[in-house]
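# what follows is a protein structure lacking sequence information:
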């Protein structure tokens, strides 16, 4: 009796009953997924994820990819020290190579770079692990 009242909310014809049942099934599935997510991850994370899905639907996959590319570039840019960032990049082999003195000078300037951390301490970052003796083992 109760079930008959629910499935005939949209009308009593077979097509209307089928539509109502389909809508109820979809609604039940969505509420089940939502409650499962809330129990597993909490309401805050579930709502943030729902907001993310709405944003992604509004921006589309290209907007999401563009945002991720921007974040990735900014993160990679923040990892390099200023001395390295200001050095020109050779995308092909140069016709004239650097001399050993120029290479050693560049390595020394990079190894002398210090960065102040959030707690006031200095962090040394050269990006290399080697002993550096005998003029870098006669520049390999």
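Perfect, thanks for sending it. In this text, all values refer to a predicted model and were calculated from it rather than measured experimentally. Numbers count the residues shown, from 1 in each chain.
# low pLDDT regions in the protein?
61, 81-84, 110-140 (pLDDT under 70).
# and if we set it to 80?
Low-confidence segments of the chain, defined by pLDDT under 80, span residues 1, 57-65, 76-90, 104, 106-140.
# now name the helix or strand holding the residue positioned nearest the centre of it.
Centroid-nearest residue in the chain: residue 68, 5.4 Å away (criterion: Cα atoms, centre = their mean). Using DSSP states H and E, residue 68 falls within helix 43-79.
# got the buried residues for that helix?
Neighbour-count burial for helix 43-79 flags residue 46 (criterion: 16 or more other Cβ atoms under 10 Å). No exception for glycine: its C-beta is placed from N, CA and C like everyone else's.
# now swap in stretch 8-28 and tell me
By 16+ other Cβ under 10 Å, the buried positions in stretch 8-28 come out as 17, 20.
# and it, how far out from the chain's middle?
Using Cα atoms, centre = their mean, to the nearest Å, the distance from the centre of stretch 8-28 to the centre of the chain it belongs to is 42 Å.
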